[in-house]
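*Asks:* next come a sequence and a model predicted from it.
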Amino acid sequence: MSVLGPAPSSADACLSIVHSLMCHRQGGENEGFAKRAIESLVKKLKEKKDELDSLITAVTTNGVHPSKCVTIQRTLDGRLQVAGRKGFPHVIYARLWRWPDLHKNELKHVKFCQYAFDLKYDSVCVNPYHYERVASPNST
């Protein structure tokens, strides 16, 4: 297995950030979908360097270092379309980097998350380490 180099920063090219974040995915989604989802997120965060750095830190350290909210604009129906598929943004990214088998009702935000999906703000936090997995109500 290859040794991962130093984590990129928001100053790096989008491609190198995407490549680094791809190395940390959990394998639930196919590679093409994962790459499109990560590219889309990195592009949205390119203007918000501190949030992009927070995402990189969160993902490359598996949440060991506390990180800030990583926000994207909430869409009208709350869902994000990636590669022709719609899903809730916080669920898409939590699946990519933490729980490949996650269902949409299994996430709840941690107390310090200021832009959690449930709070219904104009921006929604997609930092996968700002959510905890809970058993879904219908899984018995």
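*Replies:* Structure's in. What do you need?
*Asks:* ok, Ala37 to Lys111 distance?
*Replies:* Relative to Lys111, Ala37 is positioned 27 Å away (CB to CB, to the nearest Å). (Each C-beta comes from the backbone N, C-alpha and C, glycine too.)
*Asks:* cool, and Ala58?
*Replies:* Using CB to CB, Ala58 is found at 16 Å from Lys111.
*Asks:* and if you look at Arg74?
*Replies:* For Arg74, the distance to Lys111 - CB to CB - is 21 Å.
*Asks:* comparing those two, which residue is more hemmed in?
*Replies:* Arg74 (17 against 6; other CB atoms under 10 Å).
*Asks:* residues in contact with the more buried one?
*Replies:* 120-124 (CB atoms under 8 Å, 6 or more residues apart in numbering).
*Asks:* greatest separation within those residues: which pair is it?
*Replies:* Spatial extent of the contacts of Arg74 (CB to CB) is set by the pair Lys120 and Ser123 at 10.5 Å.
*Asks:* hmm, who's touching the top helix by length along the chain?
*Replies:* Using DSSP state H, we find that the single longest helix of the chain is helix 31-45. For helix 31-45, the surrounding residues in contact (CB under 8 Å, 6+ apart) are 10, 14, 17-18, 21-22, 25, 29, 51-52, 55, 70, 72-73, 80, 82-83, 85, 92-93, 96, 126.
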